[in-house]
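1. Predicted model and sequence follow; I will ask about them next.
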Amino acid sequence: MRGGMKREEIAESHAFWRIFALGVMMVLALFALGHRLWALQIEESRAFASSQMRQSVRRVLLPATRGRIFDRDGVCLADNRPSYCIALFIEDLRRPGAWSNTVNAVDARLDELSLQLGIPRQIGRTEIERHIYRQLPMPLLAWQDIDEETHARFEELVTPNAGMDIVVQPERVYPEGAVMAHLVGRVGRDKPKAPDGEKAHYDTMGMKGRDGIELTRDATLSGVSGGQLLTVDVSGYRRSVMDNRPTPGSDLKLTISTRLQRACYAALAGRRGAIVAIDPRNGDVLALCSSPSYDVSAMTPRVPADLWQKLLEDPATPLLNRAITGLYPPGSTFKPAVALAALRQGLSPNFLVDCNGVFEIGSLRIRCAARYGHGDNITMRKALEVSCNPYFCELGVKAGVDAITTFAREAGFGTRTGISLPGEAAGLVPDDAWKRRTKGGGWSKGDTANLSIGQGFLLATPLQIALYTAMLANGGTLWRPRLCADEAPTIVRKVAIPAKDLAVVHNGMFDVVNAPKGGGRRARVNGVTVAAKTGTAEYGPMRNRRKHAWMIAFAPLHDPEIAVATIIEDGESGGTTAAPVVAATLAEYFGTTPEPLEGLERLGGLERLEGPEGLEGPAVEPRGDPAAREEEAAP
Amino acid sequence: MKKKFTLPFGLGNLRFANWFAFGAMIALMAVGICYIYSANAFRDSARLQALYLDQARLCAICIAGGLVLALIDYRDILRWSPLLYIAAVALLAAVPFFGTTRMGATRWIFGIQPSEIAKVATIMAIAHFLGRRDAARDVLDLAFSALLAIIPMVLILMEPDLGTALVFAPVVAAMLFASGTAPRLLLSLVLVCVLAAGIILAAVAAEGNPKTPPTARRLAERATSFMGKYQKTRLLDFLFPDRDPLGRGWNRRQSMIAVGSGGAFGKGFLKGDQNILGYIPQQVSANDFIFSVLAEEKGFAGSSFLLVCYGILLLSVLAAGAAAPEDSGRLLCVGVATLVFCHAFVNVGMSVGMLPITGMPLPFVSYGRTFLAALGLAFGLVQGVAVRSGVQKSKEKQKGNEHRVN
């Protein structure tokens, strides 16, 4: 066959097969490309898609609006104020070529705006350069916290989408300032936390609690921060934005009464001291005031370094929250606890002591407030009224240290109360083991005597004393202090106090205020019967004769609504320094006025109480326990 | 006998045109216009945004011009190919003196790229030369064909444009192969080329490697002295893609991300992030990197559709060549098919990271006026080959019929 073909035909059939081979090669090559495309677009597509996201998507966290804080009556204690900033969007001002062209354009725009708005520039060329270098897709805040007039002029001048806008930043304000400083605390600026823990490319600033309720309840207040996804182009300019709105923080309601707190702060008048007011019916903290204080408004958005240094160096330590962190010997305010401990030990309220002005045990001499003594046959009630040191020394020694410390611990001494505030101190209830551990010596009867008058090693915070007072007022319920309305009232424990024992203490505390020469008569308030116990706690070396003035009080005597503990450092005495402060506090609470001292005659009926024989007129009858009443009435 | 109705100017002969090739070309042109629009839709300049209209106009002209050429006997046109070849070479030679320089290379003169014309002119010249009746397919023919290719190659290398210069080699090799040149001659030519390419690659690699001893480095530098620094770096980027991921390897990486992130069906027309955000270099997204734009926006579906179009186009052009009545037409088809194939393969291969980055436009798709016009007219010639062989076959058939009747 082949031989029959002409030369041209053979050439043509060769050519066909050669072209066929070329075609096969081309198709194979196209298949190779197709294979590669399959690998890239189908098999590895996900990895490439994530590379694409990684290089062009930037994540920014949007802080949530912080919850506000209110007092029990709805008075705002921590609020958010909008702070208006003028922001420039660099991508709308971008210039091709070198970066400096864009910097020039932004610089020129800022000059122009500065002239138009009549405000000096807040940022210079260096800041623009830094912004472009570090966080190009973010808005450049050219003016922060502008006033209303500038805001209005800006809105008039600038058309929308001109590469500029107003950005609102919330700023924390504390309307009550120094009055609530320790309690509410303050916030600092901080990066918001991502809900999923993922990192953000650029830092945005939110708030974080630094002190007080702002710190302890930060989780409630801060909410959940949102996110923003910025798509950036190859040069890093912002192209588009996708928002994920933050969830605002919850508002918080406190049990504090601003009215009362203000009165406390005013009553302390800048002296070093603290007042804590507790509702003995449920443990609500009505006031928690520490003095001196500081203006917390000056500390947002950031604390000026010089102010902070000044506060740190102030000898009056204004930064210290004395109400929960201050540790003081409770002094005579501890005596009701000793009395109850002794009564629980079976000692009689008619345990009699002759007071000659001094109590001696071993080498220890404890002086009484009355230089020449309170006289013979002092009863427990009388001893409480006149705060007789020798009486309680004897009573305490008789009852024994264990009885006292056990009762003190039950009453909350030596344990943190668990209030939702940072930095609470635990205090100290000393005993034999403690003394051996820390002082190297054993417990002596002298130590017991000292403990019995609230001196020596015993230390407590004003808050502990206030809760103990509330416990005395309500007949044995020790509350966990409730500061936030969303917490449930919690009973720490019910201290077993027989009604007749309680009556003795109540009567004694009634006398402190209401006896004509009662040491706490300055705590009287019009229209309300107040029961109280003064304290003048000595501290430091004896020769310095430095004293803290204490007073604990509750009112009304029957069905008490408020229990107050007050301390004023380096006061004269509880009765003269602390009692008027308590009176002011209680008067504010009951909406009345402190009773002037001249009004003593009004309580004429009480004249009979004067002297040891006045014992027959009980102000408080032990309720629901006739047997106990009879027992007490019996001589 | 019934008088047959005939269209004027032999328009009726267009029924013999290769409609598969024509259809594939139209499809590719349409894809090109769409994605030139997409590639430039987000640019600031209005001129760039309207670039697709430019391309559409030129496509229309090419289609019309191609049809006119298809009606003329291609042999009459090929007769002028020596003149065209000389004109193209002259234009190339003028480039260094009168050309405009863009991006470090002098390729343009009077707004056109003579190198693109030279490709088509060389194919036509070789087809014409090897299609002579007395062509012997011996060493002399081979050498002359090679010379026809080497002259424009050297001129283009001087521009410098390595990619375009290199494309001559496979095109001429394919034409020689199809012409029936003795396999041993062709093989030795291919061997020489491969060896030369191997030496050059090794030399560039050695030069780019900091550990190369100085004597070897000097040798390597001498071997690669004909190349510009620009081409060396491009080759090095290909050989060592991780050498400089944020620098020269950047384009390759970004193109792969664009193609890969497209996935199966793409992100949607005008929704290619890599293109919108400028990660695909904006100056060349409408020409060199148009495939990446398409692959990102239409995914594997779109990119394989493109490959199928090329497959249909190439096979039908080759088929037209196989059916051609004589050598010059056959070789013309093979040359044009190989040119289209090389461009498509290198361009797509570059976009998917298989081949080094070179400025090879995607035939009928990329924006590039000279290349599109040259290719469009070459396609007219290819259709002319199809039409001629159709006409001849129908004449033979008619003759046979008459014979039988007689």
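-> Nice, I can see it.

2. Tell me the bridge partners for A:Ala537.
-> A:His548 (DSSP bridges).

3. okay, it: pLDDT?
-> pLDDT for A:Ala537: 88.

4. cool, and B:Gly400?
-> 80.

5. buried stuff in the longest strand seen in chain A?
-> In chain A, taking DSSP state E as the definition, the longest strand is strand A:76-88. Across strand A:76-88, burial judged by 16 or more other C-beta atoms under 10 Å in any protein chain shown covers A:77-78, A:80, A:84-88. Quick note: C-beta positions are derived from backbone N, CA and C, even for glycine.

6. List the residues that contact the residue in the stretch 401-550 of chain A positioned nearest to chain B.
-> Per C-beta to the nearest C-beta, A:Asp486 is where the stretch 401-550 of chain A lies closest to chain B, at 46.5 Å. When contacts are counted by C-beta atoms under 8 Å, 6 or more residues apart in numbering or on different chains, A:Asp486 touches A:220, A:252-253.

7. and residue 381, what does it touch?
-> Looking at chain A here, since you left the chain open. Contact analysis of A:Arg381 by C-beta under 8 Å, 6+ apart lists A:349, A:504, A:507-508, A:511, A:615.

8. oops, I was thinking of chain B
-> When the contact criterion is C-beta under 8 Å, 6+ apart, the partners of B:Leu381 are B:69-70, B:74, B:77-78, B:124, B:332, B:336.

9. where does the stretch 501-635 of chain A dip in pLDDT?
-> For the stretch 501-635 of chain A, the stretches flagged by pLDDT under 70 are A:597-635.

10. can you give me the strands in it?
-> With DSSP state E, counting those that start in this stretch as the criterion, the stretch 501-635 of chain A has strands at A:531-539, A:546-555, A:562-568.

11. Can you give the distance of the last one from its chain's centre?
-> Per C-alpha atoms, centre = their mean, to the nearest Å, the displacement of strand A:562-568 from the mean C-alpha position of its chain is 19 Å.

12. Walk me through which strands that strand pairs with, and which way each runs.
-> When DSSP bridges is applied, strand A:562-568 pairs with strand A:273-278 (antiparallel), strand A:546-555 (antiparallel).

13. name the element whichever residue of the stretch 201-350 of chain B sits closest to chain A belongs to?
-> Distances between the stretch 201-350 of chain B and chain A by C-beta to the nearest C-beta are smallest at B:Gly260, namely 2.7 Å. Per DSSP states H and E, B:Gly260 falls inside helix B:250-262.

14. Let me see the ranges of the strands in the stretch 201-350 of chain A.
-> Using DSSP E, counting those that start in this stretch, strands in the stretch 201-350 of chain A cover A:206-211, A:226-232, A:238-244, A:252-253, A:273-278, A:285-291.

15. Just the buried residues of the third one, please?
-> It refers to strand A:238-244. A:238-239.

16. got it, and the second one?
-> Using 16+ other C-beta under 10 Å as the test for burial, strand A:226-232 gives A:226-228, A:230-232.

17. so which of those also contact chain B?
-> A:231-232 (C-beta under 8 Å from any C-beta of the partner chain).

18. need the buried residues of strand A:226-232 in TSV with pLDDT, can you?
-> Formatted as TSV, these follow (pLDDT from 0 to 100):
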residue	pLDDT
A:Gly226	86
A:Gly227	84
A:Gln228	85
A:Leu230	85
A:Thr231	86
A:Val232	84
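
19. give me the number of residues near A:Ala341?
-> 26 (other C-beta atoms under 10 Å in any protein chain shown).

20. The one 10 residues further on now?
-> Applying other C-beta under 10 Å, we find 18 residues neighbouring A:Phe351.

21. tell me which element it is part of?
-> Following DSSP H and E, there is no helix or strand that holds A:Phe351.

22. Near the closest residue to chain B within the stretch 301-450 of chain A, how many other residues are there?
-> Relative to chain B, the nearest point of the stretch 301-450 of chain A is A:Pro301 (35.2 Å; C-beta to the nearest C-beta). Using other C-beta under 10 Å, A:Pro301 has 16 other residues around it.

23. ok, it - contacts?
-> Neighbour list for A:Pro301: A:171-172, A:189 [criterion: C-beta under 8 Å, 6+ apart].

24. do the same with B:Ala41
-> So B:Ala41 contacts B:49, B:270 (C-beta under 8 Å, 6+ apart).

25. And for B:Phe289?
-> B:Phe289 neighbours (C-beta under 8 Å, 6+ apart): B:39, B:251, B:255, B:258, B:280-281, B:351.

26. can I get the strands of the stretch 501-635 of chain A in TSV with mean neighbour count and distance to A:Leu288?
-> Below are the strands of the stretch 501-635 of chain A laid out as TSV (neighbours: other C-beta atoms under 10 Å in any protein chain shown; distance: least, C-beta to C-beta, whole Å):
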stretch	mean neighbour count	distance to A:Leu288
strand A:531-539	27	19
strand A:546-555	28	15
strand A:562-568	31	10
